[in-house]
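Trainee: A structural model of the following input is requested.
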Amino acid sequence: RFRTTPSYALILLSISLISFIINVHLIPSSGDVNVKLTIHHATDHQDLPQLAGFRSPRNTDQHKRNTQWGKKMAQEIKSKALKRQARQHIFQEVKSKARIRRTNLRKPPASMPQSPEPDSKLTTAYPHLNSMNHTPSLKILLREALDTQRPIPDDEIIPSLERERCRRYGLELPSIDDESESTPLTRRRIFAGGMLADDSLQVLAIHAIETYGIYTHVAFVESNRTHDYSPRTMKYVNTPNPSEPLQLLQGGMFGPTTRVTVDPYLVDKRGNITLPKEEFIPISGQQLQRNVALARWKKEGMTRHDLGLIMDVDEILSRDFLRALQICDIPEFRHDQSCQRPKLMGNGLAFEGSPECVFGHGLGVTNGQIWHPEIMLGECIEGIGDAVRHPPPRRKWVVFRDDGYGGLGENDYDDKPANVSYPLWNAGDFRQTSGGRQ
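Mentor: Model prediction:
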């Protein structure tokens, strides 16, 4: 239906005036003047199209096509609206079910036994596991991590299996009699160490389950300040009584014979580092804190034949690879090392929350890969190796190697005396100094 609007009516009025002028015919002066005046009276809306010079599209093909297109668009709009309503309805249903599911998960199952068994150890020694603050998934992880009665699955050394394991990483077993499967093989002991702060219990449990029974000792160090030296409350305290988080760590979660310690690292505002203000960098405190783990390894009986692993809690080497490090013939773990390039570095995938959420680039991360943790033979570790044969390097900022002593790379030893071997490595060198392979 043709409709008029104020602006459209103005256009029609202008066209009507033009039409009026055109229809006035002036005849030249041949005697008389014949004026023919034709005025269109636009009182009916039906006449407006003709008045404006338009043809009515009602009976044209264009009108039919427009009508069909309009109907089609109306149907599509209606269909989209119905689909949108259906999606919203489904979303509300899913949201409602998820809310109900979360509520049910927080409630103890009706079939849960009232007896403290089989979790008597958990409920007695770690009553906080029953707190509503812990999700069911975390409780399952912690129960698995704390179940010290389960055996170490790969504790027995079977040469054929170990040989196959080594070959998966391009390695071989130490020279043995291939004709006999009874040739004795021994595993290297691994002493692990690293900083501990507000790491999630889930990550601790995952690490403990993956490495269950492998580490001989785990030396954690907790500070009363963060890396930027802001004060923080320590969680893993042993006085006056062991805290619940400390009980978790020392309750057998890393293995039935694995000893776990948490040493405090108490510092003042600037980390007890006596340096000019312009030379002080916060990362120095991290390396000093890690060095406490090396001192703990020595107290726990680490020797030059053992392996030292410096890690963060969320840097986890696979169990299979750790077993390979313990028994395979690896050049970096042979005795009589020069200690120039003694460490093996992990080639790990860095992700947040899920392997599908790979962390692309950042501090120490390139293309989703991270070069941690690091492991080396005790023969090259400061406090464990021979300090006479491997004199300490010159250092800057207390913990970092100076230029000429490996500070610029694994070949930067121009200032090292020629008659001595390369220096021993402290925990900061583990993380910061080049000298090894992935």
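
Trainee: what's the first-to-last distance across stretch 226-238?
Mentor: This stretch, stretch 226-238, spans 20 Å end to end (Cα to Cα, to the nearest Å).

Trainee: buried sites along that stretch?
Mentor: Of all the residues in stretch 226-238, those buried under the rule 16 or more other Cβ atoms under 10 Å are 229, 234, 236. For the C-beta atoms, the positions are set from N, CA and C on the backbone; glycine is no exception.

Trainee: ok, stretch 424-435 next?
Mentor: When neighbours are counted by 16+ other Cβ under 10 Å, the buried residues of stretch 424-435 are found to be 424-435.

Trainee: for that stretch, give me every contacting residue.
Mentor: 193, 286-288, 290-291, 293-294, 308, 310, 339-343, 372, 374, 376, 380-385, 387, 390, 392, 399-401, 406-407, 409-410 (Cβ atoms under 8 Å, 6 or more residues apart in numbering).

Trainee: do that again at 7 Å, thanks
Mentor: Contacts made with stretch 424-435 from outside it, assessed by Cβ atoms under 7 Å, 6 or more residues apart in numbering, are listed as 287, 290-291, 293-294, 310, 339-343, 374, 376, 380-382, 385, 387, 390, 392, 399-401, 406, 409-410.

Trainee: would you format the buried residues of stretch 424-435 as a markdown table with distance to Gly170 and pLDDT included?
Mentor: As requested, the buried residues of stretch 424-435 are arranged in a markdown table below (distance: Cβ to Cβ, whole Å; pLDDT from 0 to 100):
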| residue | distance to Gly170 | pLDDT |
| --- | --- | --- |
| Leu424 | 28 | 95 |
| Trp425 | 25 | 94 |
| Asn426 | 30 | 93 |
| Ala427 | 28 | 90 |
| Gly428 | 30 | 88 |
| Asp429 | 26 | 91 |
| Phe430 | 24 | 91 |
| Arg431 | 26 | 86 |
| Gln432 | 27 | 84 |
| Thr433 | 25 | 88 |
| Ser434 | 22 | 88 |
| Gly435 | 21 | 89 |
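
Trainee: what's the closest of those residues to Asp263?
Mentor: Checking those against Asp263 by Cβ to Cβ gives Ala427 as the nearest, at 12.6 Å.

Trainee: who touches the closest residue to that closest one other than its chain neighbours in this structure?
Mentor: In this structure, Ala427 finds its nearest non-sequential neighbour in Arg290, 3.4 Å apart by Cβ to Cβ, 6 or more residues apart in numbering. Taking Cβ under 7 Å, 6+ apart, we find Arg290 in contact with 194-195, 221, 310, 427-428.

Trainee: so which of these comes closest to Ala205?
Mentor: Comparing every one of the contacts of Arg290 with Ala205 (Cβ to Cβ), the shortest separation belongs to Gly194, at 16.0 Å.

Trainee: got a pLDDT number for that closest one?
Mentor: As summarised for this prediction, Gly194 has a pLDDT of 94.

Trainee: surely it is within a helix?
Mentor: No - the secondary structure assignment for Gly194 gives strand rather than a helix, going by DSSP: H, G, I helix; E, B strand; the rest coil.

Trainee: count of neighbours near Met345?
Mentor: By the other Cβ atoms under 10 Å criterion, the neighbourhood of Met345 contains 19 residues.

Trainee: can you check Glu315 too?
Mentor: 19.

Trainee: that one contacts Trp371, correct?
Mentor: No - contact between Glu315 and Trp371 fails when scored by Cβ atoms under 7 Å: they sit 9.9 Å apart.
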